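Visitor: Quick check, what structure comes out for this input:
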Amino acid sequence: YRLDGGEPDRTSARYGGPVTLTSSGVLVAAGWDASGNRSLSIRVVFVIDGVAPTASIIPPGGLFRGEQAVSLGCADMGDSGCGSVRCTTDGSPATPLSPPCAPSLVIAADTNLRVVAVDGAGNASAEVVAEFAFDGVAPATTPSPAGGLFATSLDVTLSCADARAGCGATHYTTDGSPPTIASPAYERPIALGPGETTLRFFSVDALGNVEPAAEQVYRVDVVAPVTTVDPPGGSFRTPLTASLTCADALAGCDAIRYTLDGSAPGPVSAVYGGPIPISSSATLRFSAVDRAGNAESPREAQFVVDQYGPTAWAVPGGGRSAAPVHVELRCDDGPGTGCTAIHYTLDGSIPTLASPDYLSGPRPLVITGGTLRFFAVDALGNPGGMFIETYVHDGDPPRLVSTAPFEGEGGVGLDALVRVTFN
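Guide: You can find the predicted model right below:
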């Protein structure tokens, strides 16, 4: 026989008992009888393999977005070659008795894959374990603070949360345009100043799962509102109503507070809800607050409601005098708009607005007798009541009319009373 696969002849090794094989080889043997006849050769291949194969899993596990194609491999450095690959997918240990696995698998859910390779000689490889996990959920981004109205500039932080793969990046825009992967990546708080800003953003995790873009609108209003009043104050002959209108371009007006006693409006002052009745003179003070909390500096409007005419009088008043009288006409309008004219007549006729005005004419009046009639008018044209003063001028001295007894009458005693009559 020969162990190298060659044909034996009479010079080859002669069988004398069991042949020990220490390595793989091809045993070829033939026999001869006593007459020298040769038998046909027999050929037997022996494989001696004490080396275990190596199993492999490609890819060797990991975190994936979707179903993953997995290849199971076997490499054998011995002579028997790979026989089969055995595996489990439930986390139990893989052994040569585990179910055989196809060389290619598709894994779509979290799986603990364990593999053992067995060669032709029955040698088993070491167990290979691969963990397959899947994350098809996009991350979630939270802004702080959320959008809204603010009275001062602020910094906005964007926080990304992803339970499995972890956040990769957050992209954002502040001009209202849709953010993309090419948009700026969030690295530090975003400073927002006065005005309206539309912040749009999304995050992508380490596996590429993309969050739908979200947006928050921030309105930073550092300007107080402006309130106007109609009418803007003034003098009026009749009661009226005043309307307050608030304007605020960004946050919008929240409330207008006002007072009518001249005090500064504050948090407990009346809230404007409609036209304000004004029936007497008043100082209307008001201030508006917008929805961001900006307060307007108090403003005011003066209203004078004067429904009554002034009172006039003459100094001195009527009476008798021996010489011309210098008369002054005086006027008082109290809390009204003030006197603007005093009309008068000296001939007893009723004075009108066309009659001479004392305040714009020669003063004082020089009266030598007669009836003075006059009334005053205030700045709103309210006429006061008419007043009358009568002046009597007497420039003649009294004269003797008679005596009793008569002058020259006789029989009058020395102690007689004498009556003297003047006119």
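Visitor: Now stretch 227-241: average pLDDT?
Guide: In this model, stretch 227-241 has a mean pLDDT of 96.
Visitor: Can you pull out the residues in contact with that stretch?
Guide: Outside stretch 227-241, the residues that touch it by CB atoms under 8 Å, 6 or more residues apart in numbering are 242-247, 256, 275-280, 284, 286-288, 296, 299, 301-307, 337, 379-382. The C-beta positions use only the backbone N, C-alpha and C, and glycine is treated the same way.
Visitor: Likewise for stretch 290-298?
Guide: 149-151, 219-227, 248, 250-254, 264-265, 285-289.
Visitor: just to revisit the earlier point, would you write out the PyMOL command that picks the buried residues out of the contacts of stretch 227-241?
Guide: A single PyMOL command is used to select the members of the contacts of stretch 227-241 judged buried by 16 or more other CB atoms under 10 Å:
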select buried, resi 242+244+246+256+276+278+284+286+287+288+296+299+301+303+304+305+306+337+379+380+382
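Visitor: where do the strands sit along the stretch 151-300 of the chain?
Guide: With strands called from DSSP state E, counting those that start in this stretch, the stretch 151-300 of the chain shows them at 154-161, 167-173, 190-192, 195-205, 214-220, 226-230, 234-236, 240-247, 253-259, 270-271, 276-278, 282-290, 299-305.
Visitor: Put together TSV for the ones you listed, with distance to residue 317 on each row.
Guide: Shown next, in TSV, are the strands of the stretch 151-300 of the chain (distance: least, CB to CB, whole Å):
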stretch	distance to residue 317
strand 154-161	77
strand 167-173	88
strand 190-192	78
strand 195-205	73
strand 214-220	72
strand 226-230	46
strand 234-236	31
strand 240-247	38
strand 253-259	44
strand 270-271	49
strand 276-278	38
strand 282-290	37
strand 299-305	31
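Visitor: so which of these comes closest to residue 19?
Guide: Closest approach to residue 19 among these (CB to CB): strand 195-205, 65.8 Å.
Visitor: how much distance is there from that closest one to the middle of the chain?
Guide: Using CA atoms, centre = their mean, to the nearest Å, the mean C-alpha position of strand 195-205 is found 15 Å from that of the whole chain.
Visitor: Is it correct that residue 367 is in contact with residue 325?
Guide: Yes. Counting by CB atoms under 8 Å, residue 367 touches residue 325, with 4.9 Å between them.
Visitor: starting at the chain centroid, how far to the helix or strand of the chain with the lowest mean pLDDT?
Guide: Ranking every helix and strand in the chain by mean pLDDT, DSSP states H and E puts strand 400-404 at the bottom, with a mean of 88. Distance of strand 400-404 from its chain centroid, counting by CA atoms, centre = their mean, is 108 Å.
Visitor: Give me the contacts around it.
Guide: 418, 419, 420, 421, 422, 423.
Visitor: Among those, which are located in helices?
Guide: For the contacts of strand 400-404, not one is inside helices, with DSSP state H as the criterion.
Visitor: so where's the stretch 201-350 of the chain uncertain?
Guide: Within the stretch 201-350 of the chain, not a single segment meets pLDDT under 70.
Visitor: Need the residue closest to the centroid of the protein.
Guide: In the chain, the C-alpha nearest the mean C-alpha coordinate belongs to residue 149, at 1.6 Å (CA atoms, centre = their mean).
Visitor: Wait, it touches residue 219, no?
Guide: Yes. Counting by CB under 8 Å, residue 149 touches residue 219, with 5.2 Å between them.
Visitor: Which residues are in contact with each of the two?
Guide: With CB under 8 Å, 6+ apart as the test, residue 149 and residue 219 both reach 251, 292.
Visitor: since we're on residue 290, how many residues are nearby?
Guide: Using other CB atoms under 10 Å, residue 290 is surrounded by 25 other residues.
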